[in-house]
Structure formats: C-alpha cells, structure tokens
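Enquirer: No letters, just coordinates:
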Ligand code: ADP
Ligand code: MG
C-alpha cells in the first residue's frame, strides 16, 4: 500500500472537495442564470412584438422600431424574398437570397407558426458574425415579420461570469490549499519531532528531552514521552547500580574470608612483638602503625562482608527508640571527645513495628559515624524520629562540612568516599538495609552548613519487590 503522510491525508481530501464545489457550483449557477434570463428575455420580446403588431408593422416603420427597441427587423414575402430590412451591412454571402432563406429556416418556421398556438416561435441565428435570437410573426398574405434581438450582451455576460467564477474558484482552491497545508504542517511538525525523538530514544539516548511546543494533545503526548524516558533512564540506572552491587557483593564475599585470616595472624604477631622486652621504642612505634593499618584493612573487610552477607532479616515486633539509644550510648564518649552536642527528639507516640534491630542499628550507626566525621571541629548532632501516615522516619542532622552537589548523586555507590581512610561502603550498606525493610533513605545537604539524613521505614512490613 502506498504511504501517504498525514499532511497529504489532511490536505488532499479538503482540496478535492473544495475544487469540486467551487467549479461545479458556479458553472451550474451560470447555467441556471442563463436559462432564467433567456425565459425572461423571450417573454419581454414577445411583449414588444405584440405592441408592434398592434401599432404598425409596415415597412416604413421598421427604422423607428429599430431605434425604439434596439433590435433589427426583417420582413419577408410569402415566397421568401426580402421585402424590407434594417440590417444593411451583411456580408455578400448572407445578402444572397437563397442563403438567407436557408439561414432563417422559413419552412420549419412556417409549419410552426401555422400550428397557431400561442407559444413563441424563435430561433438562434448568426448574421454578419453576430448572434441574434429571431422572433417570427406571420403577416397577412403569408409574409413574415422577423424581429432579431442581438444576443451579444448575454453571451458576453455569460462568458465574463463563467470566467470570473472560475477565477474565484481557482483563487479559493489555492487559498484552501495554502490554509490546509499550514494546518497540516502545524499538526504534523510536532509529530515529526516526536518521531525523531523516539528514534533517538530507540538508539539508547535517554538524556535528551523532547521540546513541548504545543498546549494540546500532542503537547501532552510529548510530556508523557519525556516522563516515560525519564523513568526509563532511572530504571536503567537502577539496573546498572544493582548489577554493580551484585558484582561487588560477589567479589567481596570471596575476598573477605581470604584476607581476614592472614590479617588476624599479622595482628597477633605484631602484638606479640610489641610485648617482647627487647623491642625498642622506635620499633614499638612502627608496630603501632602496622596495627593501625591492620585495623583499617579489617574495617574495610568487615564492611565488605556486611555488604555481601546473605540478606535474611531477623524481624521482630519492637520499639525503635531503644535500638537508637543503644547505638548512641556506644558513641557517647566519642561524641563528647569531638565536642559534639547531641539533641534527642524521639517521638513518644511511635508504635512498635517489625524490623531487624541489628541491621537498623548498623545503618543508624553508619549515619551517625558519618555525621561525627563531618564535624571535626565539633557541632550539633540532632537525632529525631517521627511518624507520617504509615511510615516512621529517623532523621539525623549534623552541622558539619556538608556535601557538594556533584557528590550527592554518588553517595550510595559502593566504594564512593571522600575520606582518606574511608571505605565508601557505609551509605551503600545503609541503603541496602533500608531497602530490605522496604524503606528508603534520602540525603539533603548544603556545602559548609550541614547534612540531613532521612531514613524512612514502613510501619507495616511487606516483602520488598525484587527483580529477578
Ligand atoms: P565513608 O564514610 O567510608 O567515606 P560512606 O558511604 O559512609 O563512606 O560515605 C560516603 C561519602 O559521603 C563520604 O566519604 C562523605 O564524603 C560523604 N558523606 C556521608 N555522610 C556525610 C555527612 N553527614 N556529611 C558530609 N559528608 C558526608
Ligand atoms: Mg561512612
């Protein structure tokens, strides 16, 4: 099947319809007009003839009649000879008697006139290159009286009318073609943009947005398309992230065990060396450094193991406040040491709900540790809880160094860290723990002012959706 563009489909039917209407309607109108006019014309001329017949039709009067009615008169004898005529300037051929008689068709006219009914006997004749309508009347002694009314004006008027109507039709058709082309273009241009955009999306370019140029259904379509692309991009990013996490998890699981065993031997041996009486102070200092570094490696490995640990939740219906307080009690000395003031705003109306206490403690600890590390010069740490509809929020606010806009997007990526001794696994673990509880974590921050971490937990636990 042939492929027509939407624009052609819009323009073509309109154009054909309009062209048909604008050509046929005027032609029909002209025909109707001519028919009506000719009826009127015949009627009028019959009236004149009646008057002429009553007042005088004699040869001498014909010039007067000609002047009075702007017509030509011819009178023929019963044998067809021309008795009198106002037409003097006919070309020779037509002056020829036999020719004239033939043209005026006396035989037929005679028969028609002898039928003696009232209907007018007329005929179209061309004489000397001019068109006339001839009206016949029978005179005494078989003579004919012929009144020739010039038709030039009517023919001209008809022609002018036809041409001007066709001119208007052509102009109208061109106008309709132009307008429908514009309308079609206005409609199809945004669709073309959308098609181009779709092709880009199909090629995998999800960063572009389709420009919304119109405030109509096509505009809505573009908006919906943009939203769809955005969501597609988000889910693709999530998938990539999930894949990365899975790979990191697998790697971590295999490395962690291998590293931890030699690490504990190294730690034990270093401690033994330190306790030997013949170890010098200088050597002790070096051993101290070795132990600190071993501690650091151990932390990373622990983080990796947490990350890779199979995700089975140990859910219990319990109160949230004691879990948080347990973590804060552990951190208390550390906070005081860093000159950090703790503000506790725990909601008293929180209902008990199902969660894995150890995991939530671990997530909360990671967040508090980050807050503490963000305030090396001291500051205020606010820990608040509140309920919103059917979710509970743990809010941790610090007055620390804050996070730059570029970093915010990467916080939850495993191994993303800005700290010299960081592992970059803290927030990745927080996110995973929250997601295992079907909750979410959000971070808002202003560089130089501080950071707010919001951990949302649903009051009614349901298995999180897992893509296979
Ligand atoms: P780590 O603490 O080992 O660096 P995290 O995953 O816990 O890894 O944190 C990742 C990064 O996020 C940190 O290196 C830090 O730059 C930033 N960050 C996290 N929490 C805060 C905070 N409260 N204030 C400022 N920066 C933070
Ligand atoms: Mg951390």
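Expert: Okay, I see it. For clarity, every value in this text was computed on a predicted model and none was experimentally measured. Ligands and ions are numbered 1, 2, ... in the order given.
Enquirer: Residue 123: which element?
Expert: Using DSSP states H and E, residue 123 sits within strand 122-127.
Enquirer: what sits up against that strand?
Expert: Applying CB atoms under 8 Å, 6 or more residues apart in numbering, the external contacts of strand 122-127 come out as 42, 87, 90, 94, 103-105, 109, 131-136, 148, 151. (C-beta placed from N, C-alpha, C; glycine too.)
Enquirer: Per-residue pLDDT of the residue nearest to residue 290 when sequence neighbours are not counted, please?
Expert: Distances taken as CB to CB, 6 or more residues apart in numbering place residue 270 nearest to residue 290, at 5.2 Å, with adjacent residues excluded. Note for residue 270: predicted pLDDT of 94.
Enquirer: show me where the stretch 151-300 of the chain has helices.
Expert: Remark: helices assigned in the stretch 151-300 of the chain by DSSP state H, counting those that start in this stretch are 152-202, 217-275, 281-308.
Enquirer: Among the contacts of strand 122-127, name the ones in strands.
Expert: In strands, defined here by DSSP state E, the members of these are 131-136, 148.
Enquirer: which of the contacts of strand 122-127 count as buried?
Expert: Neighbour-count burial (16 or more other CB atoms under 10 Å) is assigned, among those, to 87, 90, 94, 104, 109, 131-136, 148, 151.
Enquirer: Adding distance to residue 10 and pLDDT, write these out as JSON lines.
Expert: Converted to JSON lines, these look like this (distance: CB to CB, whole Å; pLDDT from 0 to 100):
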{"residue": "87", "distance to residue 10": "60", "pLDDT": "80"}
{"residue": "90", "distance to residue 10": "60", "pLDDT": "68"}
{"residue": "94", "distance to residue 10": "59", "pLDDT": "60"}
{"residue": "104", "distance to residue 10": "59", "pLDDT": "79"}
{"residue": "109", "distance to residue 10": "60", "pLDDT": "80"}
{"residue": "131", "distance to residue 10": "47", "pLDDT": "85"}
{"residue": "132", "distance to residue 10": "52", "pLDDT": "88"}
{"residue": "133", "distance to residue 10": "50", "pLDDT": "88"}
{"residue": "134", "distance to residue 10": "55", "pLDDT": "89"}
{"residue": "135", "distance to residue 10": "56", "pLDDT": "89"}
{"residue": "136", "distance to residue 10": "59", "pLDDT": "86"}
{"residue": "148", "distance to residue 10": "56", "pLDDT": "88"}
{"residue": "151", "distance to residue 10": "46", "pLDDT": "84"}
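Enquirer: any chance of the residues you listed in TSV, with distance to ligand 2 too?
Expert: TSV is the format used below for the buried ones among the contacts of strand 122-127 (distance: CB to the ion, whole Å):
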residue	distance to ligand 2
87	121
90	121
94	120
104	121
109	122
131	108
132	113
133	111
134	117
135	117
136	121
148	117
151	108
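Enquirer: Count the neighbours of the spatially closest residue to residue 210 that is not a sequence neighbour for me.
Expert: Closest residue to residue 210 apart from its sequence neighbours, by CB to CB, 6+ apart: residue 197 at 4.1 Å. Neighbourhood size, residue 197 [other CB atoms under 10 Å]: 19.
Enquirer: Relative to ligand 1, how far out is the residue in the stretch 151-300 of the chain that ligand 2 sits nearest to?
Expert: Distances between the stretch 151-300 of the chain and ligand 2 by CB to the ion are smallest at residue 299, namely 10.1 Å. Between residue 299 and ligand 1 the computed distance is 9 Å (CB to the nearest ligand atom, to the nearest Å).
Enquirer: Which one of the residues in the protein is closest to ligand 2?
Expert: Proximity of the chain to ligand 2 (CB to the ion) peaks at residue 426, 2.8 Å away.
Enquirer: Hmm, the residue of the stretch 151-300 of the chain closest to ligand 2 is touching residue 423, no?
Expert: Yes. Counting by CB atoms under 8 Å, residue 299 sits close enough to residue 423 to count as a contact (6.4 Å).
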